[in-house]
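Enquirer: A predicted structure for the sequence below; I have some questions about it.
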Amino acid sequence: MAKNAGAASSQIASRMYAEMLHLMRRHGYARSETQTPFEFAASVKKPVLSPMVEEFTQLYAVARFGGAACDITRLQQLMTTIRGELRAR
């Protein structure tokens, strides 16, 4: 993978993670400035939502910090499902 492709993947993952945090915050799940992404994911106690937020966080972390390609399709699927779950509550 080219260096700039990794940077683009990292930026996409970061943007999608920020979007997910914004969505979560609007529904009462705010990440404090001192929480790591994984601590925030662990703080989501709603059983249906928690595994999705954890998977989203894992995908974000490997793309952002691990140099892996961003799985945009899966992140979008998770975002759609998370949005639906938040609306359902």
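Expert: That came in fine, so what should we check first? If you're wondering where the values come from, they're calculated on a predicted model, not measured in any experiment. Numbers count the residues shown, from 1 in each chain.
Enquirer: Name the residues that touch the longest helix along the chain?
Expert: Scanning the chain for the longest helix, with DSSP state H as the assignment, gives helix 3-26. For helix 3-26, contacts defined as C-beta atoms under 8 Å, 6 or more residues apart in numbering pick out 1, 30-31, 37, 40, 44, 53, 56-57, 59-60, 63-64, 67-70, 72, 75-76, 78-79, 82-83, 86. C-beta here means a position set from N, CA and C on the backbone, and glycine is covered the same way.
Enquirer: Out of those, which end up buried?
Expert: Buried by 16 or more other C-beta atoms under 10 Å: 31, 37, 40, 44, 53, 56-57, 59-60, 63-64, 68, 70, 75, 78-79, 82, 86, out of these.
Enquirer: Low-confidence stretches in this protein?
Expert: Across the chain, the ranges flagged by pLDDT under 70 are 1-5, 89.
Enquirer: now the helices for this protein?
Expert: According to DSSP H, the helices that the chain contains are 3-26, 37-43, 50-64, 72-88.
Enquirer: Let me know which of those is tucked in deepest.
Expert: Highest mean neighbour count among these (mean count of other C-beta atoms under 10 Å): helix 50-64, with a mean of 19.
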